[in-house]
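Novice: structure, please.
(2 chains)
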Amino acid sequence: MQLKEDPRFDQCNREAKVMVILLILNIVWWYLFAYGLGLRNPDEYTYVMGLPAWFFYSCILGYVVFSALTVIVVQVFFRDIPLDDDESAAGGAGS
Amino acid sequence: MTPQPLFIAAILVLYLAVVTGTGVYVSRRYQDKQGSFISQYFLGGRGLGGYVLAMTLVATYTSASSFLGGPGTAYQQGLGWVLLAMIQLPSMYVTLGVLGKRFAIVGRKIKAVTVVDFLRERYEGNRAVTVLSAFFIVAFLMAAVVAQFIGGARLFQSVTGLSYIGSLLLFTTVVMVYVTLGGFAAVALNDAINGTVMFVGTVILLFTTVAAGGGVANIVEQLHTINPDLLTPTGVDHFISLPWISSFWVLVCIGILGLPQNAVRAMAYKDSRAMHNAIIIGTVVIGMLMLGMHLTGVFARVILPGIKVTDMAISLLAVELLPPILAALVLAGPMAAIMSTVDSQLIYIAGTIIKDVYLNYVNPQAEDHTVSQLSRACNVILSVVIFTLAIRPPSVIVWINLFAFGGLQAAFFWPLLLGLYWKRANATGALVSQVAGVAAFMIFTVYLPRPLGLHPIVPTLLISLIAFLVATYATEPPQSETIEKFWGYRQEETGAKLAG
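Specialist: Sure thing, here's the model as predicted:
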């Protein structure tokens, strides 16, 4: 018998993939700024808002940017789909 | 640390009274809830909203180390340790996003209440997988819980001046009462309270510290004077090597989704919207906690130089800088972190014993009433055992706890992830992967703690993946009924709903 896959899984897979891409971007951002700007003599550091530039971009701006991207990704790619198979909670009642 | 004024102790005790009250309050609501006791008691009836879901996930994950050891190391190593801590920023969106709604949907399809439920159904009732999984959970989590209780009691002792036994008794009793009475729902609600306290405390302390140090630029300049290495991503004398810090992307970010007590939360939410909100809230909150606490630890080096026991950096700073009522709030942070970690682990161990062992193998026909009494009895007995072990921890507990965090990831990461996404994954693969993973992690930890400069978790997860793939391809694929149950759908119901 040919398996008919739960149609909701297409959406689930799309969401999971987007999250993995977000994670990869996060990792790249973290590495590039921290080690691209930070691996030199501290006497040669430039500063942003009082903090070494590598730290500001990698950790402070990284926190802000990826929090914001999380909001955007959830708004754009995530869909309100029912989680139950039976009708007791059809249509995500109460949401 | 010297005992604090009575005032701070009083606030902490009041705090304990509030979380106990939550347990009583939640237990009263049980009477008018429908659905089976098991799902209500161990999974809150899959009813978590966005904020509570986010907070219980963050708080379960955030243990005392984020308030004590972590900032203490940041005090010694500088900004490089904050960089390491920020690896945890994606941990919440990874756990909820990668397990995803698929895990919540499948969990509902098969009526799973625990992670072992999921594994048992997916791996076709394989007894070895079920029993071994339950064993790993009980052994590793018990050791972890005992260690956390010891930390919690010591902390309470240092803050209030009460004796160690007294602190332990008070702490264990409070957690036992609200977990036993209120179950998962009380745990989640208290985690939300604890998480909020941690968040607010972190923000207040960070801003107070910056102000006390005369602004960020001034603090950084003084750090440079103390030791320029404090400003580098590599720490003092290159303490933080690249392979080592990179391993943490596996250990404290991606691997988190393999921890059963975290993964179970990814099927406890009410609806899609709760999950969406939790991803956002969880990410913002964990980022702030990690950034705030560890950065405060670094800045403390300028405000309070010469701290010997650096684990106490945050507590000392709070007492030094804040008025007593706010200091108490910050001091409640690590206590809240410990409490919200042990309560989740305690209810999860009880769930494993009752649902995965008792209802599977001892008495599958047990009535709701019996299960209800047994579950509560189980929590009480566990608490007494934990209390006894924590009075004078036997060395075997200390030994097992070494492997607890990585061992759970080694045992559950691939069986969970591949079981969810890979149709071909079968029971033999899961079993071999669990055994190989846990064995590899223990052997590496004992004999080769830094293979190629990496943390043992990295080669461990590689070995357990290869073991999974080889064993799966060497044996038969799972039966089509299993695939049907996990991937298929009942057209007339789900299809109609999607159309509408």
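
Novice: quick one: buried residues of the longest helix along chain A?
Specialist: Assignment by DSSP state H gives helix A:8-38 as the longest helix of chain A. Buried residues in helix A:8-38, counting neighbours by 16 or more other C-beta atoms under 10 Å in any protein chain shown, are found at A:8-9, A:11-12, A:15-16, A:18-19, A:22-23, A:26-27, A:29-31, A:33-35, A:37-38. Placement of C-beta: from N, CA and C, glycine included.

Novice: so which of the residues you listed reach chain B?
Specialist: Near chain B, judged by C-beta under 8 Å from any C-beta of the partner chain, the entries from the buried residues of helix A:8-38 are A:8-9, A:11-12, A:15-16, A:18-19, A:22-23, A:26-27, A:30, A:34-35, A:38.

Novice: which one of those sits closest to A:F66?
Specialist: A:N26 (5.3 Å; C-beta to C-beta).

Novice: just want the most central residue of chain A.
Specialist: Geometric centre of chain A, nearest residue: A:L22, 3.9 Å, by C-alpha atoms, centre = their mean.

Novice: err, chain B, not the other one
Specialist: Nearest to chain B centroid, counting by C-alpha atoms, centre = their mean: B:Y61, 2.9 Å.

Novice: where's that one relative to chain A, distance?
Specialist: 16 Å (C-beta to the nearest C-beta, to the nearest Å).

Novice: then B:V342?
Specialist: The value you get for B:V342 to chain A, if C-beta to the nearest C-beta is used, is 28 Å.

Novice: tally of neighbours for that residue?
Specialist: Applying other C-beta atoms under 10 Å in any protein chain shown, we find 29 residues neighbouring B:V342.

Novice: that one touches B:I150, doesn't it?
Specialist: No: at 10.6 Å, B:V342 does not count as touching B:I150 under the criterion of C-beta atoms under 8 Å.

Novice: for the stretch 1-150 of chain B, which residues are neighbours of chain A?
Specialist: Within the stretch 1-150 of chain B, the residues that sit near chain A (C-beta under 8 Å from any C-beta) are B:79, B:82-83, B:86-87, B:89-90, B:93-94, B:97-98, B:100-102, B:104-105, B:108-109.

Novice: of those residues, which belong to strands?
Specialist: The strands, defined by DSSP state E, take in nothing from the residues of the stretch 1-150 of chain B next to chain A.

Novice: which of those count as buried?
Specialist: The neighbour-count criterion (16+ other C-beta under 10 Å) marks B:79, B:82-83, B:86-87, B:89-90, B:93-94, B:97-98, B:100-102, B:104-105, B:108-109 among these as buried.

Novice: of those, which belong to helices?
Specialist: Among those, the members falling in helices (DSSP H) are B:79, B:82-83, B:93-94, B:97-98, B:100-102, B:104-105, B:108-109.

Novice: can the residues you listed go into CSV with extra columns for pLDDT?
Specialist: Output for those, formatted as CSV (pLDDT from 0 to 100):
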residue, pLDDT
B:L79, 97
B:V82, 97
B:L83, 97
B:Y93, 96
B:V94, 96
B:G97, 96
B:V98, 96
B:G100, 91
B:K101, 95
B:R102, 95
B:A104, 96
B:I105, 95
B:R108, 93
B:K109, 92
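
Novice: contacting residues for B:L382?
Specialist: B:142, B:346, B:349-350 (C-beta atoms under 8 Å, 6 or more residues apart in numbering or on different chains).

Novice: how about the residues you listed, which pair is most distant?
Specialist: Across these (C-beta to C-beta), the longest gap, 11.1 Å, separates B:M142 and B:A350.
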